[in-house]
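Enquirer: Any chance you could fold what I've pasted below:
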Amino acid sequence: QVQLVESGGGLVQPGGSLRLSCAASGNIFSMNNMGWYRQGPGAARELVAIITSENSTNYADSVKGRFTISRGNADKNLVYLQMNSLNSEDTAVYYCNAEGYVGSYYYTRRPFRLWGQGTQVTVSS
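Expert: I've put the predicted structure just below:
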């Protein structure tokens, strides 16, 4: 089994910064893409940023230049989202997503895709 645990959300003033963290744990054989999505009030869930196992990144246009996604140096099952210059439109529940393989051996590994429990980010004065 694999679990994702998120942390780092909260209330911040416009122009402020927050850093979200997501840790994957369990019998992970390999981790591929990890990403962050968000869902604002009355809106659909949308991609914020994604990072591959080779550290290639992709961002939503609305966050380019303000948000940075990264993975842990020693632990590739960690993903962070550094959010700067936050504004009210960034208010949402942020979800971590991870894709990879679970298992102990190559020939018995199984694919997985998991969502974290979500963490609230509120940007307000």
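
Enquirer: and R71, how far is that from N33?
Expert: Going from R71 to N33 by CB to CB, to the nearest Å gives 10 Å. Bear in mind the C-beta positions are built from the backbone N, C-alpha and C, glycine included.

Enquirer: Common neighbours of these two, please.
Expert: Common contacts of R71 and N33, defined by CB atoms under 8 Å, 6 or more residues apart in numbering, comprise I51.

Enquirer: So the residue sitting furthest away from the middle of the chain: helix, strand or coil?
Expert: Largest separation from the mean C-alpha position in the chain: Y107, at 28.5 Å (CA atoms, centre = their mean). Using DSSP: H, G, I helix; E, B strand; the rest coil, the three-state assignment for Y107 comes out as helix.

Enquirer: any chance you could map the strands in the protein?
Expert: 2-7, 10-12, 18-26, 28-39, 46-51, 57-59, 67-71, 78-83, 92-102, 110-115, 119-123 (DSSP state E).

Enquirer: how about those strands in CSV, adding mean pLDDT and mean neighbour count?
Expert: Converted to CSV, these look like this (pLDDT from 0 to 100; neighbours: other CB atoms under 10 Å):
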stretch, mean pLDDT, mean neighbour count
strand 2-7, 93, 16
strand 10-12, 97, 14
strand 18-26, 96, 18
strand 28-39, 96, 19
strand 46-51, 98, 19
strand 57-59, 98, 15
strand 67-71, 97, 19
strand 78-83, 97, 22
strand 92-102, 97, 21
strand 110-115, 96, 13
strand 119-123, 97, 18
